[in-house]
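**Q** Starting from these lines, generate the structure:
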Amino acid sequence: MDIFDAQFHMTAGSIESTLAAMDAIGIASVLIDEFWFDPVEFAEGRLNPGYPLANGAWRSMWPTAELASILHPDRFSSFVRVERRDPDLDAVMRLLGTSPFTRAFRVLATRTPEESEAFAGGGYDELFAIASGVGMPVCLYIPGAVHHLPRYLERYPDLTFVVDHCGMGPPERQGRDDGPVPHEQYFDVVLELAQHPNVALKWSHAQRLFDAPDRPYEPVRPFLRRAIDAFGADRLLWASDVSMMPGHTWSDLAHYIRDDPTVTEDEKAWILGRTARRIFDWPAADPAA
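**A** Modelled structure (predicted):
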């Protein structure tokens, strides 16, 4: 089976070790969001590699992801974080759109209270308009704000939006602007997005979100089934985000859907690879080659 990991945080110097792990686990390709995670830097708004701009925005860099993609173009590609406050946003996004190794943009639209307010008020129109013109999908981390997404879905019907991490996040950031709600309840809000044809759901962090600490992660299964029934397997894509999932191995995160007896083989093929190949326009390598 063609297994495609749709979110993997690679760090400097880890290309060959990552490739060896992929071969051992059976992962054909990964989409890299290069992120050198450090809790202190993260709390201060520094999502390295990158650098701050004069107006306080952060511009990401992706040197390891680009090198990995050049060396192994059938195994690695990337998506890149962009910020709406970047004064050269149009040029940055259009340049990324010309790269053969960049497949999507990523936006952390609820990274701060100010950004959450901007997202709710239509402040991301310029960024999404540019993405639509470039013709590359946008991956969105918007926990607690998915109910604000339909206005953008309707305004940019030609743009594909991928909602990260099952549409959810920390409970304290999750609600309809009037306080937190349980994950199980907020998931109903996420599923309402399925009525819009230009949105897909990235199936990641389900173990943490639905309180399933141990493989085979059976508590996740009814929620996965509800997502399949709402979106269709062809709008669900699996991602491990393994570096942000302590206590879980990459192998366990990769194989629990493959081994789930409640999911059909055709559904598994879409969720584990085919959907991401289609959305990110990255065909699988020819096995004969």
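
**Q** buried residues in stretch 241-251?
**A** Buried residues in stretch 241-251, counted by 16 or more other CB atoms under 10 Å: Asp241, Val242, Met245, His248, Trp250, Ser251. Where C-beta positions appear, they are placed from N, C-alpha and C, glycine not excepted.

**Q** so who does the residue lying closest to the fourth one once chain neighbours are set aside touch?
**A** This points to His248. Closest residue to His248 apart from its sequence neighbours, by CB to CB, 6 or more residues apart in numbering: Gln207 at 6.0 Å. Gln207 is in contact with Pro213, Tyr217, Val220, Met245, His248, Leu253, counting by CB atoms under 8 Å, 6 or more residues apart in numbering.

**Q** among those, which are in helices?
**A** Per DSSP state H, helices hold the following members of these: Leu253.

**Q** could you dump the contacts of Gln207 to TSV with pLDDT and distance to Met10?
**A** Shown next, in TSV, are these (pLDDT from 0 to 100; distance: CB to CB, whole Å):
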residue	pLDDT	distance to Met10
Pro213	95	26
Tyr217	97	25
Val220	97	26
Met245	95	15
His248	97	18
Leu253	97	16
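
**Q** Do you have the helices of the stretch 51-200 of the chain handy? List them.
**A** Using DSSP state H, counting those that start in this stretch, the helices of the stretch 51-200 of the chain run over 63-71, 89-98, 113-120, 125-134, 150-155, 183-191.

**Q** Of all those helices, which one is nearest Glu41?
**A** Distance to Glu41, taken as CB to CB, is lowest for helix 63-71 among the helices of the stretch 51-200 of the chain, at 16.7 Å.

**Q** Does anything pack onto that closest one? Which helices or strands?
**A** helix 15-25, strand 29-32, strand 76-81 (3 or more CB pairs under 8 Å, 6 or more residues apart in numbering; DSSP states H and E).

**Q** In three-state terms, label the residue nearest to His248 for me.
**A** Three-state call for Gln207 (DSSP: H, G, I helix; E, B strand; the rest coil): helix.

**Q** quick one: the residue positioned nearest the centre of the chain and His72, what's the gap?
**A** By CA atoms, centre = their mean, the chain has its centre lying nearest to Asp164, at 4.3 Å. Distance of Asp164 to His72, given as CB to CB, to the nearest Å: 24 Å.

**Q** Which pLDDT value goes with the residue nearest to Leu108 when sequence neighbours are not counted?
**A** Once flanking residues are discounted, Leu108 sits nearest to Tyr141: 4.8 Å by CB to CB, 6+ apart. Per-residue confidence at Tyr141 stands at 95 (pLDDT).

**Q** likewise Thr112?
**A** 88.

**Q** So, low pLDDT: which residues of this structure?
**A** Where the chain drops to pLDDT under 70, the residues are 170-181, 286-289.

**Q** my guess is Trp238 meets Asp5, correct?
**A** Yes: with contact defined as CB atoms under 8 Å, Trp238 reaches Asp5; the gap is 7.3 Å.

**Q** Give me the neighbour count for the residue nearest to Trp36 when sequence neighbours are not counted.
**A** The shortest distance from Trp36 to any residue other than its chain neighbours is 4.5 Å, reached at Asn48 (CB to CB, 6+ apart). Around Asn48 sit 17 other residues, with neighbours defined as other CB atoms under 10 Å.

**Q** same deal with Ala12?
**A** Neighbours of Ala12 (other CB under 10 Å): 12.

**Q** Ok, the one 5 residues further on next?
**A** By the other CB under 10 Å criterion, the neighbourhood of Ser17 contains 9 residues.

**Q** now swap in Leu224 and tell me
**A** 24.

**Q** quick one: what helix or strand has it in it?
**A** helix 221-231 (DSSP states H and E).
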